[in-house]
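Peer 1: The following block contains a protein sequence and its predicted model.
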Amino acid sequence: MDIDWQKGGGLVPVVTQDAVTGDVLMLAYVDREALEATRATGFMHYHSRSRGKLWKKGEESGHVQEVVALELDCDGDAILAKVRQTGPACHTGEASCFHNRMHGSGDVVLRELVRVMRERKERPNPASHTSKLFASENLRLKKVVEEAGEVIMAAKDHDKERLAEEAADEVFHLLAVLLAEGVEPRAVLEVLAKRRMPPKTG
């Protein structure tokens, strides 16, 4: 199927998605020039409607998007771009441009937690446990070990409710270690994705 350039007046909307996490990162537009540049370089290029010109995502910030796949919708007038995102996708510093919650929860809990933890790291609050973790390497590493022990004891006792609580504590403190060391949680997901065994055939 060919792209229907006429429907959008020469522009086609692109929904950009993290190929590892599945998170929707942003919505932008491409024209023929931007699409050709994307295909030629392997990195996302868009057409800036406000500036009326071609732009490479992350050209100034370094937060580039390496193309994994480009998929055209059934009507030929929208593209889904699956990418490997470097750094945050949004110019505000958020991982995704879709960070202003209007309704619902669930899958945004982890993202919101990471956002708050970053704030505590950048703007410490003496009364905040999270800020204390970022201020002391010994404390945060000690807590990871301590909470791991609590997880083991809860599992050994087959206490499902307590196990969920202790696992949440362990994830929280592990996130603190990752963020303190400048490791994005996304990097962990990427490692898991690479380790996933290919489906058996035959």
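Peer 2: Structure received.

Peer 1: hey, let's count contacts and neighbours off CA atoms from now on
Peer 2: Fine.

Peer 1: which SS class is L70?
Peer 2: Assigned with DSSP: H, G, I helix; E, B strand; the rest coil, L70 falls in the strand class.

Peer 1: residues in contact with it?
Peer 2: L70 makes contact with 79-82 under the criterion CA atoms under 8 Å, 6 or more residues apart in numbering.

Peer 1: now, which of those residues lie within strands?
Peer 2: 79-82 (DSSP state E).

Peer 1: For H173, which non-adjacent residue is spatially closest?
Peer 2: V144 (5.7 Å; CA to CA, 6 or more residues apart in numbering).

Peer 1: what kind of secondary structure is that neighbour in?
Peer 2: helix.

Peer 1: What of M26?
Peer 2: strand.

Peer 1: and the gap between it and A34?
Peer 2: 16 Å (CA to CA, to the nearest Å).

Peer 1: thought Q85 was touching V68?
Peer 2: No - if you go by CA atoms under 8 Å, Q85 and V68 don't touch, sitting 10.2 Å apart.

Peer 1: neighbour count winner among M26 and A34?
Peer 2: Ranked by neighbour count (other CA atoms under 10 Å), M26 and A34 place A34 first, with 21 against 17.

Peer 1: hang on, the earlier thing: kindly write the PyMOL command that selects the buried subset of the contacts of L70.
Peer 2: This is how PyMOL selects the buried members of these, with burial counted by 16 or more other CA atoms under 10 Å:
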select buried, resi 79+80+81+82
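
Peer 1: Adding pLDDT and distance to E161, write the contacts of L70 out as a markdown table.
Peer 2: Formatted as a markdown table, these follow (pLDDT from 0 to 100; distance: CA to CA, whole Å):
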| residue | pLDDT | distance to E161 |
| --- | --- | --- |
| I79 | 96 | 43 |
| L80 | 97 | 40 |
| A81 | 97 | 40 |
| K82 | 96 | 37 |
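
Peer 1: before we move on, the earlier item: out of Q85 and V68, which sits in the more crowded spot?
Peer 2: Neighbour count, other CA under 10 Å: between Q85 and V68, Q85 has more, with 21 against 15.

Peer 1: how about stretch 120-129: buried residues?
Peer 2: 120-121, 124.

Peer 1: where's V67, which helix or strand?
Peer 2: Secondary structure assignment for V67, by DSSP states H and E: strand 65-72.

Peer 1: how about that strand: buried residues?
Peer 2: 65-67, 70.

Peer 1: for stretch 21-33, same thing?
Peer 2: 24-26, 28-31.

Peer 1: Which one among those sits at the bottom for pLDDT?
Peer 2: Note: of the buried residues of stretch 21-33, the lowest pLDDT belongs to V24, at 91.
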